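Colleague: Sharing a sequence plus its predicted fold:
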Amino acid sequence: VRPDTGAQGHGQALEKQVRTVVECYIESMCASVETVLMSDGALDDPLDDEGSLKEQLDRMPTISRFQYEQIAKKLVSTFDPLLNQYREAITHIGSSSTSSAGPDVIRQITIVEGQLTWLMYIVGSIVGGHSWSSAHIGDGEEVIDATLSRRALQLAQMVDYRLSSTNGIGRTNPKLELAILFYFQNFRRVYMFMWDQVSGNSNNVGTMSIGGTMVSIVGMGAMAASKLDSVPSSKQKVYQRMFEHLAMGDHTDVANLIVQKIGNNLKYWPQEQEIIGKTLELLLDMAGGYSSSKLLLTLDTVRFLARHHTDDHFPFLSVPANAKHRTTFHATLARLLLSPDGETKLDLTFDQFVEPICAIMAQLEVLSTVDLRSEAARRPLVGVFRDLRGIAASLHNRRTYGALFDIMYPKHLSLLSKVADLWHDQPDVVISLLRFMNEFCHNKANRVNFDQSSPNGILLFRSTSDVVCAYGRRVIANGQPQNVFDIYKTRYKGMALALNVLNSALGGNYVCFGVFALYNDPALKNALDVALQLTLGVPLDDILAYPKLSKAIFGFIEILFRNHITTVLALETRVIMQLMHAVHEGLQCSDAPLSSLCANTIDHLATYYFNNLGKDKEAMHNLNKHLAAQPNLFSSLTATIFNLLLFGAPQNHWAVMRPMLSLVLASETSFTAYKDHLLSTQSTENQVLLNEAFNKLLADISRNLESANRDRFTQKLTAFRVAARGFLTL
């Protein structure tokens, strides 16, 4: 169909057929609404098939933009009459709910809402399919985007006004709400990433309604003043033309509309988990964008959200099924508050933001043991831990993390171990607690970084140890359950999280663990003992069957051998060999990250043995005792690792290379035995080639475990693997 082929007729035919196909699709999807309704449940609604709907919408932008102007005219001619019908229908029923109207009105509104749902999805997919890398960036497509977006935004305004003016009684079809959110997401993705550079001089102050409360809207004069002084780029010109033709105000007004819809959704759709989830996803994505987050900070709507993040104003927070959404909600608000100038622009300090949560914790802390374990305390506990987890997830530097730590210690940390002890058998409560602790202990971006003279790192680990021990001891005392329908949910999920909490604390590099033994503080010993008992109490088959559990257990074993190997070597030989047997099995699994953890564990053991060979240390005496009881430990590990390198899956060979040099140096006899065995399985010709490959592998390798020597050996291992796999026979 290229013009240079001389087949212009084919191109014209294709243009016509594309237009026909899209127009038929629009008509048939709109017609399907009434067909499904009349079937009285006999036919499935295509809108309910998310997979098929996504597949269709993914293809719409490419097809539609081939004849964008003609297809847009079809959409507009379909959209406008439906918009007018819907306006008339909802005006007719006034402040009453749709269900209170007559049967004919209900039927009319249901059909129109369904058809508008399809149009919102189609318009959203087309607008969101705009590519800024396209050669058509300046050919006027943004004007067509504006024409379609004007209809979509008018519908969103209409739906939102009815929702807020009726105090939530005038809800529309949930599918239409989801379609509106889909459109907002696509519009945001294309037209919000440069909003701080769009030309605009709006200094007006307007008002809008959030849950019946009128809040003022501050204009974008300050942001406009900070625009680039240079000549607008082609992208900026596209933005300007788009908002001019949109004729609904500048980018500030559109942002107000979107955020107002977010606020009212959170207030008036508490029971609709999908709407709440999609709404919060939209808010999170807007807060995550550089330009859009700066814009959000100027809106009083966002200030209202940040000051009133309680279930009194947003009832969805009190619905147990929305517990996970509490985390997203508070993570988003905390991210905005803690962004540059966030506290100033929102006129809110971090302490004020957290105050409602602290007030609930203060009430819980004064309860007796019986009252704290009562059903009345369940929802507040889950809510507090979910909220705190979201806030902790948004702390990315030392200053912000220190602010939350100062709030939690010493007032509130003692509550955590009490809850772990009393609610150990209730997954919803204890999982919420452990997930918060896992986030709170995680030293991402080196945020857990206290002053050199500060005891906070030790205090944080003490609290972590108290929680892990309180929960772990209860689980151990209950024993391994029999004939449990879902053992992962009732037992292993909490165990995995408890181990992850401890792993984060042990590997966080904010505690000098030698202090505990020096001052006879049992916090470290207790935590390691409980974690070991939890680990040893899980059958190996179960460890390997549940990926999250295996990652937690092997992660704990790896940290144990890396930083606390003297503690490990002081254990009974039986326990050591049980751990090494699990590591040996985990090494051979197909999950490369898991194999890597096991390989690192082996490397820590072999490295310690080689570096301390012949030294008069208690730990070495213990290790020699263990090796005397199990003399083939190093030889079996060496054979398994070399077999994985030579015959294992390609994705695993990098994972198993780390311990090879330390194993070879720790037990040269094991390496020689494996080499001789492998040679004996090959033909005479292959034996010569294999000998040469082994000689090249060991050439220029020193007897030390310095980084340079390890790197050189790893490079040689790669060459050895490639060469040997070329001729080896099984």
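Modeller: Received the coordinates, thanks.
Colleague: If we ignore the residues flanking it in sequence, what's nearest residue 148?
Modeller: residue 123 (4.8 Å; CB to CB, 6 or more residues apart in numbering). Every residue, glycine included, has its C-beta placed from N, CA and C.
Colleague: Can you give me every residue that contacts that neighbour?
Modeller: By CB atoms under 8 Å, 6 or more residues apart in numbering, the contact set of residue 123 is 75, 79, 148, 149, 151, 152, 183.
Colleague: Could you give the number of residues near the second one?
Modeller: For residue 79, the tally of surrounding residues (other CB atoms under 10 Å) stands at 25.
Colleague: hang on, it packs against residue 119?
Modeller: Yes. Between residue 79 and residue 119 there is a contact under CB atoms under 8 Å: 5.4 Å.
Colleague: where do the contact lists of these two overlap?
Modeller: residue 151.
Colleague: next structured bit after the helix or strand harbouring residue 542?
Modeller: Per DSSP states H and E: residue 542 is located in helix 540-545. Next helix or strand after helix 540-545 toward the C-terminus (DSSP H and E): helix 547-563.
Colleague: What segments of the stretch 1-150 of the chain are strands?
Modeller: Read by DSSP state E, counting those that start in this stretch, the stretch 1-150 of the chain holds no strands at all.
Colleague: Please enumerate the helices of it.
Modeller: 8-38, 50-64, 68-93, 103-128, 141-165 (DSSP state H, counting those that start in this stretch).
Colleague: and what of the stretch 351-500 of the chain?
Modeller: So, for the stretch 351-500 of the chain - with DSSP H, counting those that start in this stretch - the helices run 369-372, 378-393, 398-408, 413-422, 427-441, 456-478, 487, 493-506.
Colleague: pLDDT averaged over the last one - what is it?
Modeller: So the one you mean is helix 493-506. If you average the pLDDT over helix 493-506, you get 97.
Colleague: which helices and strands does that helix pack with?
Modeller: helix 427-441, helix 456-478, helix 523-536, helix 547-563 (3 or more CB pairs under 8 Å, 6 or more residues apart in numbering; DSSP states H and E).
Colleague: State the phi and psi torsions of residue 43.
Modeller: phi -110, psi 140 (degrees, to the nearest 10).
Colleague: mind listing what residue 130 touches?
Modeller: 61, 141, 142, 145, 190 are the contacts of residue 130 under CB under 8 Å, 6+ apart.
Colleague: export those residues to JSON lines and tack on neighbour count and distance to residue 679?
Modeller: Below are the contacts of residue 130 laid out as JSON lines (neighbours: other CB atoms under 10 Å; distance: CB to CB, whole Å):
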{"residue": "61", "neighbour count": "19", "distance to residue 679": "61"}
{"residue": "141", "neighbour count": "20", "distance to residue 679": "69"}
{"residue": "142", "neighbour count": "27", "distance to residue 679": "71"}
{"residue": "145", "neighbour count": "25", "distance to residue 679": "70"}
{"residue": "190", "neighbour count": "17", "distance to residue 679": "64"}
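Colleague: I'd like these as JSON lines, with distance to residue 18 and pLDDT appended.
Modeller: Shown next, in JSON lines, are the contacts of residue 130 (distance: CB to CB, whole Å; pLDDT from 0 to 100):
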{"residue": "61", "distance to residue 18": "13", "pLDDT": "89"}
{"residue": "141", "distance to residue 18": "16", "pLDDT": "84"}
{"residue": "142", "distance to residue 18": "21", "pLDDT": "85"}
{"residue": "145", "distance to residue 18": "19", "pLDDT": "91"}
{"residue": "190", "distance to residue 18": "22", "pLDDT": "86"}
